[in-house]
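Asks: starting from these lines, generate the structure:
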Amino acid sequence: MGLIGTGANLKSGSKAPCRRAQERGRILVLLLFVALATHAWPQQNPVPPANPAADGALPDTPQVQTSPAAQQPGPPSPGSIHGVVASPDGTVYVGVRVTLAETGSISPPKTATTDDNGRFDFAGVPPGAFKLTVAADGFATQAQSGVLHPGESYDAQQIVLPLMSTTSEVQVTASRQDIEVEQFHEEEEQRVFGVLPNFYVAYEPDAPALSTRQKFNLAWKSSADPISFLTAGAFAGVEQADNTYSGYGQGAQGYAKRYAANYADGFIGGMIGNAILPTLLKQDPRYFYKGTGTIWSRVLYAMASSVICKSDSGHWQPDYSGILGGLAAGGISNLYYPASNRNGVTLTFENTLIGTAGSAVQNIFQEFVVRKLTPRIPNYGPSKP
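Replies: Have a look, this model is predicted:
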């Protein structure tokens, strides 16, 4: 009845109330349709809450949204590395350079120097693999690797830095003159029993030839050696006792004359036969030790060396220097020997032959005995017999 009554009223009323009534009717129908649609139509795609953990929260509780940047962890904390550098016996080293290199990093290596306690310290080191290098002049470089964790204080403990032990190979090419000088000095030290001169023996078969200066120096050194003065005195004493060269007389004056004559014989013979003529004829006045082969081959070699010698060029040839030197020394001796004891040229040649034979005996003695009695001989040349 309400709707009929309302319609009746609309028909009998004015236009304005009629329009308002129609609008109200439309609004009521629209509200009724919306209410029916809301309750009758199911929700197909429900939207989950933004924060699942807050499902039980009140509907009007604000939800906190977290950005991806806020969820990432912060940078790892840096650490430190320290240690001590010491010698093998535990003595700490001051001022030693220690280098820290971060493995796989493009950052330049860090460098520290040990303090008065031998300690080094690196602070603010990013975590990760690293390598320590300890180096100092004169010492063997040491290296140590490790891994530093975030915030860790890494103790490298004691790093032992030993002295450098290296073998240096040096090749020296000596000149011929240097070799000659060295050989000459070695021969000057050769003495039988460490006392008697043994200067004119070369124990190296390929020893370089003596220079002119060395020939004269060696002759002078041999003549001025105290043993030469003692030998002249001993022979003069024997001649004094046997009254040899009676023209000299006896007593102190006779002994002095015999002493001077004996020393003059050795000095003149040495200077002429070992220095002057070898220089002029380019011959070597030394005996070259053989040391190998059979006994007889060595005996023959020693005897032959009394009449042959090496030239300065290394070739064997007659010993003109030694033979002519003996003759010259014998001829000069006629100037200071007593007139009654001068027997002319014949005696001079006889003395030269005797001297040559004596040289052969001396060479045999050199080949088999003298080397064993000479303590200061360089270890070169043929092996010892």
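Asks: Val96: neighbour count?
Replies: 21 (other Cβ atoms under 10 Å). All C-beta spots, glycine's among them, are computed from the backbone N, C-alpha and C.
Asks: the stretch 1-150 of the chain: helices as residue ranges?
Replies: Under the criterion DSSP state H, counting those that start in this stretch, the stretch 1-150 of the chain contains helices at 2-12, 15-40, 68-71.
Asks: which one of these has the lowest average pLDDT?
Replies: When the helices of the stretch 1-150 of the chain are compared on mean pLDDT, helix 2-12 scores lowest, with a mean of 42.
Asks: what's around Val361, how many residues?
Replies: Using other Cβ under 10 Å: Val361 sits among 12 other residues.
Asks: for the helix or strand encompassing it, what does the pLDDT average out to?
Replies: Secondary structure from DSSP states H and E places Val361 in helix 344-365. For helix 344-365, the mean per-residue pLDDT is 79.
Asks: so for the following helix or strand past it, what gets flagged as buried?
Replies: Downstream of helix 344-365, the next assigned helix or strand under DSSP H and E is helix 371-373. For helix 371-373, the neighbour count (16 or more other Cβ atoms under 10 Å) marks Arg371 as buried.
Asks: what is helix 371-373 packed up against?
Replies: Contacting helix 371-373 under the criterion 3 or more Cβ pairs under 8 Å, 6 or more residues apart in numbering; DSSP states H and E is no other helix or strand.
Asks: and stretch 358-373, end to end?
Replies: 20 Å (Cα to Cα, to the nearest Å).
Asks: chain center to that stretch: distance?
Replies: Stretch 358-373 sits 43 Å away from the centroid of its parent chain (Cα atoms, centre = their mean, to the nearest Å).
Asks: again with stretch 257-268
Replies: 55 Å.
Asks: pLDDT below threshold where in the stretch 251-385 of the chain?
Replies: 342-347, 378-385 (pLDDT under 70).
Asks: would you list every one of the strands in it?
Replies: 287-288, 308-310, 316-318 (DSSP state E, counting those that start in this stretch).
Asks: distance to Arg213 for those strands - can I get that in a markdown table?
Replies: Converted to a markdown table, the strands of the stretch 251-385 of the chain look like this (distance: least, Cβ to Cβ, whole Å):
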| stretch | distance to Arg213 |
| --- | --- |
| strand 287-288 | 21 |
| strand 308-310 | 19 |
| strand 316-318 | 23 |
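Asks: so which of those comes closest to Gly325?
Replies: strand 308-310 (11.4 Å; Cβ to Cβ).
Asks: strands paired with the closest one, and their directions?
Replies: Next to strand 308-310 in the sheet, as set by DSSP bridges, lie strand 316-318 (antiparallel).
Asks: contacts for the strand it pairs with, please.
Replies: Gln283, Val307, Ile308, Cys309, Lys310, Ser311 (Cβ atoms under 8 Å, 6 or more residues apart in numbering).
Asks: the second one: what's it in contact with?
Replies: Pointing back at Val307 there. Contacts of Val307 by Cβ under 8 Å, 6+ apart are Pro318, Asp319, Gly322, Ile323, Thr356.
Asks: can you list the strands of the stretch 251-385 of the chain in JSON lines and add distance to Leu335 and mean neighbour count?
Replies: Listed next are those as JSON lines, based on distance: least, Cβ to Cβ, whole Å; neighbours: other Cβ atoms under 10 Å:
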{"stretch": "strand 287-288", "distance to Leu335": "30", "mean neighbour count": "20"}
{"stretch": "strand 308-310", "distance to Leu335": "28", "mean neighbour count": "19"}
{"stretch": "strand 316-318", "distance to Leu335": "28", "mean neighbour count": "12"}
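Asks: which one of those lies closest to Arg258?
Replies: strand 287-288 (29.1 Å).
Asks: quick one: stretch 274-286 to chain centroid distance?
Replies: Stretch 274-286 has its C-alpha centroid displaced from the chain centroid by 44 Å (Cα atoms, centre = their mean).
Asks: CA atoms only for that stretch - export them in PDB, please.
Replies: Extracted C-alpha coordinates of stretch 274-286, given in PDB (Å, rounded to 0.1, in the frame of the first residue of the first chain):
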ATOM      1  CA  ASN A 274     171.100 -16.700 -13.800                       C
ATOM      2  CA  ALA A 275     170.400 -13.100 -14.800                       C
ATOM      3  CA  ILE A 276     172.700 -11.500 -17.400                       C
ATOM      4  CA  LEU A 277     173.100 -14.300 -19.900                       C
ATOM      5  CA  PRO A 278     169.500 -15.700 -19.500                       C
ATOM      6  CA  THR A 279     168.300 -12.200 -20.300                       C
ATOM      7  CA  LEU A 280     170.500 -11.800 -23.300                       C
ATOM      8  CA  LEU A 281     169.900 -15.300 -24.600                       C
ATOM      9  CA  LYS A 282     166.200 -15.400 -23.600                       C
ATOM     10  CA  GLN A 283     166.500 -18.500 -21.500                       C
ATOM     11  CA  ASP A 284     165.000 -19.600 -18.200                       C
ATOM     12  CA  PRO A 285     167.500 -20.400 -15.400                       C
ATOM     13  CA  ARG A 286     165.100 -22.500 -13.400                       C
END
